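> 3D model of this:
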Amino acid sequence: MPAATPGRRPSLSRTVRREPRDALLQLILKNRLKYAARMSYVVPPTRVAAVVRQLRHEIVTGELAPGTLIKDAEVAARLGVSITPVREAIAQLSVEGLIDIAPNRARRVTRMTRKRTLELIDVMAVLACAGFERGIDNLVPSDLELMRRRHREYLVALEAGNTVTATAAAADFGNIVITASGNRELQSLRDFAVARTRRIAPWGVDSPLWSIVAQSHEAILQLLEDGEKQAALQRYQGIYADYRALAEQAPFDAEDAVHP
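This is a model prediction of the structure:
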C-alpha cells in the first residue's frame with residue numbers, strides 16, 4: 001500500500017476501497033447493513049454527499065428531532081470530518097427543506113407544522129399520481145412481479161414493527177410505475193418529495209395509514225392484473241386522499257409541530 005502524502009487525508013473513495021476508518025463511513029456502513037434488505041446502496045462519492053446522506057437519514061428517521069439545534073463543530077467531530085463539508089451539507093439540506101437557517105445563522109431541524117405537512121402531502125400526491133398515470137401503460141410482467149415483491153416487503157416490515165423499512169417499500173411500490181413513465185425529471189422531483197415526506201409518514205405502527213396502504217396495494221395489483229388501469233390509478237390516488245385526511249386529524253401542539 002503506498003504511503004499517504006504527509007498532511008493530506010485520503011479521499012472518501014480511497015477509504016472505502018481499502019479500510020473503513022473514519023466515523024462517518026462507519027455510520028454509513030452501519031446503515032447499509034441495517035437497511036440492505038430494502039434498498040440498493042452506493043457509497044457517496046464525496047464527503048459532502050456522505051454528510052448529506054447521514055444527516056438526512058437522521059432527520060427523516062427522527063434521530064434528530066424537529067427543532068434540534070445543529071452545530072457545525074459537533075457534527076464534524078461526531079462524523080469525523082472537517083467543518084467545511086458539514087456546512088455545505090447543511091446548506092443543501094436547507095434547500096431540501098429539512099433544516100431551517102435563521103437570520104442569526106442558527107440551524108435547526110425543520111419543524112413539521114400542520115400547514116407544511118399538508119403542503120408536502122399535496123405536492124407528493126401531484127407528483128406521484130402524475131408519474132403513476134404516465135407509467136401505467138408501460139408496465140410489463142416483470143414490473144408487476146417487482147411490485148408484488150415490494151408489497152411483501154412492506155407487509156413483513158409492518159409485522160416486525162419497522163415503519164422506516166415499510167415506508168421505503170411503499171415508496172418503491174409506486175416508484176416502479178413512475179420509473180416506467182421514462183420521465184426522469186418527474187421521478188427526480190418525486191424522489192425529492194419522498195425524502196421530506198418520510199418525516200411525517202410513520203406516526204406509529206398502529207396508525208390506520210399502514211392498513212390503508214396495504215389494502216390499496218393489494219387492490220392495485222389485482223386491478224392491474226385484470227387490465228383495469230384507470231381503476232388502479234384511482235385507487236392509487238385514493239391513498240394520498242386518505243393520507244391527507246389522516247394528517248388533518250393528527251394532533252398538533254402549541255408550536256404547531258406534528259407529534260411523532
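
> Who are the contact partners of the residue nearest the centre of the chain?
For the chain, the residue nearest the mean C-alpha position is residue 195 (3.4 Å; CA atoms, centre = their mean). Neighbouring residues of residue 195 by CB atoms under 8 Å, 6 or more residues apart in numbering: 56, 60, 96, 98. (Each C-beta comes from the backbone N, C-alpha and C, glycine too.)

> Tell me which two in those residues are the farthest apart.
Spatial extent of the contacts of residue 195 (CB to CB) is set by the pair 60 and 96 at 10.3 Å.

> who has more neighbours, the two?
residue 60 (21 against 15; other CB atoms under 10 Å).

> and that one, how far is that from residue 52?
According to CB to CB, to the nearest Å, residue 60 and residue 52 sit 12 Å apart.

> Same check on residue 101?
Remark: distance between residue 101 and residue 52 (CB to CB) = 15 Å.

> Comparing those two, which shows the higher neighbour count?
Comparing residue 101 with residue 52 by other CB under 10 Å, the one with more neighbours is residue 52, at 22 against 14.

> Looking at the more buried one now. What's its pLDDT?
Residue 52 carries a pLDDT value of 91.

> Isn't it up against residue 92?
Yes: the criterion here is CB atoms under 8 Å, and residue 52 meets it with residue 92 at 5.4 Å.

> buried stuff in the helix or strand hosting residue 76?
Element membership of residue 76, judged by DSSP states H and E, is helix 72-79. Across helix 72-79, burial judged by 16 or more other CB atoms under 10 Å covers 75, 76, 79.

> In JSON lines, list the residues you listed along with pLDDT.
Below are the buried residues of helix 72-79 laid out as JSON lines (pLDDT from 0 to 100):
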{"residue": "75", "pLDDT": "94"}
{"residue": "76", "pLDDT": "93"}
{"residue": "79", "pLDDT": "92"}
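
> quick one: contacts for residue 157?
Residues in contact with residue 157, defined by CB under 8 Å, 6+ apart, are 38, 163, 165, 166, 169.
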